[in-house]
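Asker: Task: produce atomic coordinates for the following.
(chains A and B)
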Amino acid sequence: MELSNLIDDRPGDGVFRVHRSAMTSQEIFDLERRLVFDRSWLYVGHETELAEPGDYRRRTVNGRPLIFIRGSDGKVRVLNNSCRHRGAQVCRLDQGQAKSFQCFYHAWTYDNKGDLVALPDEEGYASGFDKRQYGLKSPPRVEEYRGLYFVSFDEDIADIGTYLGPVREVIDLTMDSAEALGGWYVIRGTAKYSIKANWKLLVENSYDGYHLLPVHKTFLDYVSWRRGLTGDKVADSGAPLVSRSFAVPHGHGGMLHQAPGRAIANPSPLWTQEVNDEVVRIRAENIKRFGELRGRQMSEVSRHVMIFPNLAFQDSQTGFRLRQFFPVTHELMDVTQWDLVPRNERADLRASRMENSLAFLGPGGLATPDDVEALESCQEGFAAGDEWSDISRGMQREPKMTDELQMRSFWRQWHALMQKKKEIVLTDDRRRDGSLFLDLGAADGENENVIPQSALS
Amino acid sequence: MISMAEKVTSIEPVFTRSEVEDFLYYEAALLDEWRLDDWLSLFTEDAVYIVPTTDLPDGDPSKDLVFINDDVVQLRGRVDRLKSRHAHREHPRSRTRRFISNVRITDCTAGVAVVEASFLVYRYRSGSTDPFVGQYSYQIIRADDQIRIKHRRATLDLETLRNHGAVSIII
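Answerer: Residues are numbered from 1 along each chain as shown, chains lettered A, B, ... in the order given. Here you go, the predicted structure:
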């Protein structure tokens, strides 16, 4: 199969198919690590993980061992975790605080800015040997947006702001939404699990509104049952909830939908009156700070976004989390999930937030295990030999959140990079302009939404 | 400084190790046989079931991310889900076999005993073998002459859930 034929993309005919060798071929996997991952921006960590000078986290990004660290000068850096002498990993703990790292092999010592500051018997080296040339290396590019740090192994890649493009508008909504509560921080505890499937299947799954009812029936039943137990504390307006999906340049995309049960800030039928009063207060505060339009978007709208290629940015009724995944082989990926919470959130609201998060998300939730099962089942099913996966849903209508526009956006960027193309011809199926805000005034029944409001509480 | 003798006498002789072991083996059998409603009846009304993340064994559910932090209502929901044919990760059900050892009663105050034990839960399904290894920490009481669980925490020794993919069974 020629690389150029891996995707059959014909918007005029309503056809979009992906050749399954993209998920089953070792050869394509080897290529995509170099052509896709090494030519994109890859998330490495959030600034709040490094609160104090010397704080560090070990991270593996596209197979590369890195140290995400705040130096004693307060600056955040990303250093290669590999001694310049012979290559041993100088940082041996997953996280901590350090003034320096001494390589255990020959005791070369680096400070927390990455500079080589000491080595035994330095006189043994030739007179031209200059320690200053032997600091720990960094990936070619390290940049930050709203506290999110990214690295790229492509010297010439566009800056992170340009790369994110219109997605910044969505990130900004979430980041600003916690301003009144002291901003977001990453809590301790990381969900690390694997899925025996090609990593691109989790890209698709992360913003797939179409699978929600069949895959997560037990979760939706659970929520209905809980709602029955507690009684409806918040009246169901009965109005349809607005939703849509979107696609933007550089392969990012997502689904947006109006949702009750957002800790910031839309009440839930499952929460106590006191918690809901606090939620209403936060919503009012955000409208005061950011105006009616942005205040309502940040409060009422859940955002499931994939930042190309492998970072799921999810601000939903199950909380705010970042989920990153890397392929280990073409049929195995490692997944890491971090939850973020507002610094000054009231304890009862925090408990409600985390209950929502744990009920759905993560390896112990009532929903994520079934996603894992679905993806592994697809990967096993590919062995049957059928050649194509269909991703054409919604290709010739306004994109609903149960459509697949967002996935096509990913695949188009992936395909362009695999063919070493600088420009992609088509991001969306059609030309579309304007903001990524949902039209919250348009809940007039025109907007199909197959998810019952009760299921989203 | 509490002498060893004082320490021992401060533990009320409410539970013996052999009866606690019998209880844990019974519980394991209920889970291996997927008698989940019977298993649920072992808990007190105020019970919790906690599984911390693999990177933070001492995780505190009130402030840290954990895999599972169920009260009895949530546990009921978890059990009902597992009994459904729509719990895709466990339909068809996995085969499990639990080994429990190193059982110790480490404290007993005001009728509440703290029990520590090692566990190894093998899960077989779809051609995969997933061993869950770790330590249980229980708080148990006696009510109506039955042992009941107030607190059940399963702390995994695994570094990640690489290959397991999920904690879809009760561990």
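
Asker: Return the residues in contact with the closest residue to chain B within the stretch 101-250 of chain A.
Answerer: Residue of the stretch 101-250 of chain A nearest chain B, by Cβ to the nearest Cβ: residue A:189 (3.2 Å). Glycine gets a C-beta too; all of them are placed from N, C-alpha and C. Residues in contact with residue A:189 (Cβ atoms under 8 Å, 6 or more residues apart in numbering or on different chains) are A:339, B:52, B:53, B:55, B:56, B:59, B:64, B:65, B:66.

Asker: which residues touch the residue nearest to the fourth one when sequence neighbours are not counted?
Answerer: This points to residue B:55. Of all residues beyond its chain neighbours, the one nearest residue B:55 is residue A:190 (4.9 Å), with distances taken as Cβ to Cβ, 6 or more residues apart in numbering or on different chains. Residue A:190 makes contact with A:336, A:337, A:338, B:53, B:55, B:56, B:65, according to Cβ under 8 Å, 6+ apart.

Asker: please redo it, this time with the cut-off set to 10 Å
Answerer: Shown in contact with residue A:190 (Cβ atoms under 10 Å, 6 or more residues apart in numbering or on different chains): A:57, A:94-95, A:336-339, B:53-56, B:59, B:64-65, B:160.

Asker: For residue A:142, state which of those residues is nearest.
Answerer: Closest to residue A:142 out of the contacts of residue A:190 is residue A:57 (14.2 Å), distances taken as Cβ to Cβ.

Asker: secondary structure element for the closest one?
Answerer: Residue A:57 belongs to strand A:55-61 when assigned by DSSP states H and E.

Asker: which of the residues in that strand are buried?
Answerer: For strand A:55-61, a neighbour-count test (16 or more other Cβ atoms under 10 Å in any protein chain shown) marks A:55, A:56, A:57, A:58, A:59, A:61 as buried.

Asker: Could you dump those into JSON lines with distance to chain B and pLDDT added?
Answerer: Formatted as JSON lines, these follow (distance: Cβ to the nearest Cβ, whole Å; pLDDT from 0 to 100):
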{"residue": "A:55", "distance to chain B": "16", "pLDDT": "98"}
{"residue": "A:56", "distance to chain B": "15", "pLDDT": "98"}
{"residue": "A:57", "distance to chain B": "11", "pLDDT": "98"}
{"residue": "A:58", "distance to chain B": "11", "pLDDT": "98"}
{"residue": "A:59", "distance to chain B": "13", "pLDDT": "98"}
{"residue": "A:61", "distance to chain B": "16", "pLDDT": "97"}
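
Asker: Give the next helix or strand downstream of the lowest-mean-pLDDT helix or strand in chain B.
Answerer: One helix or strand of chain B scores below all others by mean pLDDT, DSSP states H and E: helix B:4-10, with a mean of 48. Past helix B:4-10, further along toward the C-terminus, the next helix or strand under DSSP H and E is helix B:17-32.

Asker: what's the residue most central in space within chain B in contact with, if anything?
Answerer: A centroid search over chain B (Cα atoms, centre = their mean) returns residue B:152, at 4.6 Å, as the residue closest to the centre. By Cβ under 10 Å, 6+ apart, the contact list for residue B:152 reads B:27, B:42-43, B:47-51, B:70, B:75, B:115, B:136-140, B:170.

Asker: Just grab the bridge partners of it for me.
Answerer: Per DSSP bridges, residues listed as beta-bridge partners of residue B:152: residue B:49, residue B:138.

Asker: Residue A:99 against residue A:72, yeah?
Answerer: Yes: Residue A:99 lies in contact with residue A:72 (Cβ atoms under 10 Å); the separation is 6.8 Å.

Asker: ok, is the helix or strand containing residue A:213 in contact with chain B or not?
Answerer: Per DSSP H and E, residue A:213 falls inside helix A:212-215. Yes: among the residues of helix A:212-215, A:214, A:215 lie within reach of chain B under Cβ under 10 Å from any Cβ of the partner chain.

Asker: mind listing what's buried in that helix?
Answerer: By neighbour count on 16+ other Cβ under 10 Å, the buried set for helix A:212-215 is A:212, A:215.

Asker: Might you list the low-confidence residue ranges for chain A?
Answerer: For chain A, the stretches flagged by pLDDT under 70 are A:231-240, A:433, A:442-457.

Asker: Relative to the whole chain's centre, how far out is the longest helix that it contains?
Answerer: Determined from DSSP state H, the single longest helix within chain A is helix A:273-300. How far helix A:273-300 lies from its chain's middle: 24 Å, per Cα atoms, centre = their mean, to the nearest Å.

Asker: Report the buried residues of it.
Answerer: Quick answer for helix A:273-300 (16+ other Cβ under 10 Å): A:275-276, A:278-279, A:282-283, A:285-287, A:290, A:294-300.

Asker: before we move on, what about stretch A:370-384?
Answerer: Buried residues in stretch A:370-384 (16+ other Cβ under 10 Å): A:370, A:371, A:372, A:373, A:374, A:375, A:376, A:378, A:379, A:382.

Asker: so which strand or helix has residue B:134?
Answerer: In this structure, residue B:134 is located in strand B:128-143 according to DSSP H and E.

Asker: Quick check: next helix or strand after the helix holding residue A:213?
Answerer: helix A:217-230.

Asker: Show the contacting residues for residue A:427.
Answerer: Contacts for residue A:427 (Cβ under 10 Å, 6+ apart) come out as A:165, A:246-253, A:405, A:408-409, A:412-413.

Asker: element containing it?
Answerer: For residue A:427, there is no helix or strand it lies in under DSSP H and E.

Asker: Quick check: the gap between it and residue A:206.
Answerer: To residue A:206, residue A:427 is 18 Å away according to Cβ to Cβ, to the nearest Å.

Asker: Okay, now the unreliable bits of chain B?
Answerer: Low-confidence segments of chain B (pLDDT under 70): B:1-13.

Asker: Using CSV, write out the CA atom coordinates for stretch A:40-51.
Answerer: C-alpha atoms of stretch A:40-51 as CSV (Å, rounded to 0.1, in the frame of the first residue of the first chain):
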residue,chain,number,x,y,z
SER,A,40,4.7,17.9,16.1
TRP,A,41,4.5,19.6,19.5
LEU,A,42,4.3,17.0,22.3
TYR,A,43,3.0,17.8,25.7
VAL,A,44,5.6,17.2,28.5
GLY,A,45,4.0,18.7,31.7
HIS,A,46,2.1,21.5,33.5
GLU,A,47,3.8,24.3,35.3
THR,A,48,2.1,23.5,38.6
GLU,A,49,3.8,20.1,38.7
LEU,A,50,7.0,22.1,39.4
ALA,A,51,5.9,24.4,42.2
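
Asker: And chain B, is it touching that?
Answerer: No: contact of stretch A:40-51 with chain B is not found when judged by Cβ under 10 Å from any Cβ; the minimum separation is 12.5 Å.
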